[in-house]
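Peer 1: Structure, please.
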Amino acid sequence: MRFDVVTLFPELFAPFLEAGVARRAYASGQIDLKLWNPRDFAEGSYRRVDDRPFGGGPGMVMLAEPLARCLRAIRAERADAASVVLFSPIGAVLNHTAVERWAAGEGAILICGRYEGIDQRFIDAHVDAQISLGDFVLSGGEIAALALLDAVARLQPGVLNDEGSHQADSFNPAVDGLLDCPHYTRPEEWDGLRVPAELLSGHHAQIERWRRDQRLALTARLRPELVEAARQAGALTLQDERYLKEIGP
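Peer 2: Numbering: from 1, shown residues only. All right, here's what the predicted structure looks like:
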């Protein structure tokens, strides 16, 4: 799979490729990541990529032409019909289902905007989808691009030490869509706080039931809509429903 990232700050991506478990996806070639700077496709000695907005107002707007030239160069090298994705506050919020879809695909061309935004004509002509990380504004699309790339990379075979570890991740609809349970490690007592006795019992069924109950309780308290979605999907057992009734709303 290949991702081409259009960014004015390609240097932000270098540390990401060399640290953490995600680096394995790039070192192995499972994900081919190429960085493109639109300044390389701008005209004039200043390589200008932005200008003042028509109609006035604060900030600057990224020019359409350097981005279009950059995109043509990417298309010529890729020779495929990869989707063009723009990171934007008005985009669909990224979730686990979307990440799984990207992780199983052929990649995409990611556009990282800056300033007040991008000339709408480029968006109308070339962008296939817009993605947001949530209801807040970033100074550019690079952080959002890194978030998508990291989420996709960790789902590639062999990237995580345990192939099944992502199955218990929060929001995984292939399991039940609930939040993950709390986790503990050594020592058994820290700062006067002990590890729950169930995790020290050595009784695997009891441990799994404790973890399941914790997931149910945490999700019911913080994200009750996910419990309802799991119920509608038939992912809750009778024992799950009894526990939820016991702990109440």
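Peer 1: So which bits of stretch 19-27 are buried?
Peer 2: 22, 24-26 (16 or more other Cβ atoms under 10 Å). Where you see a C-beta, it was placed from the backbone N, CA and C, and this is true even at glycine.
Peer 1: Tabulate these (JSON lines), appending secondary structure and pLDDT.
Peer 2: Listed next are those as JSON lines, based on DSSP: H, G, I helix; E, B strand; the rest coil; pLDDT from 0 to 100:
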{"residue": "Ala22", "secondary structure": "coil", "pLDDT": "88"}
{"residue": "Arg24", "secondary structure": "helix", "pLDDT": "92"}
{"residue": "Ala25", "secondary structure": "helix", "pLDDT": "94"}
{"residue": "Tyr26", "secondary structure": "helix", "pLDDT": "93"}
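Peer 1: just those residues now: which is nearest Gly202?
Peer 2: Arg24 (32.8 Å; Cβ to Cβ).
Peer 1: per-residue confidence averaged over stretch 58-67?
Peer 2: Stretch 58-67 comes out with an average pLDDT of 97.
Peer 1: how long is it from one end to the other?
Peer 2: Chord length of stretch 58-67, first to last residue, is 22 Å (Cα to Cα, to the nearest Å).
Peer 1: Mind listing what's buried along that stretch?
Peer 2: 61-64, 66-67.
Peer 1: Now these in JSON lines, please, with extra columns for distance to Pro187 and secondary structure.
Peer 2: Formatted as JSON lines, these follow (distance: Cβ to Cβ, whole Å; DSSP: H, G, I helix; E, B strand; the rest coil):
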{"residue": "Val61", "distance to Pro187": "56", "secondary structure": "strand"}
{"residue": "Met62", "distance to Pro187": "53", "secondary structure": "strand"}
{"residue": "Leu63", "distance to Pro187": "58", "secondary structure": "coil"}
{"residue": "Ala64", "distance to Pro187": "59", "secondary structure": "helix"}
{"residue": "Pro66", "distance to Pro187": "56", "secondary structure": "helix"}
{"residue": "Leu67", "distance to Pro187": "54", "secondary structure": "helix"}
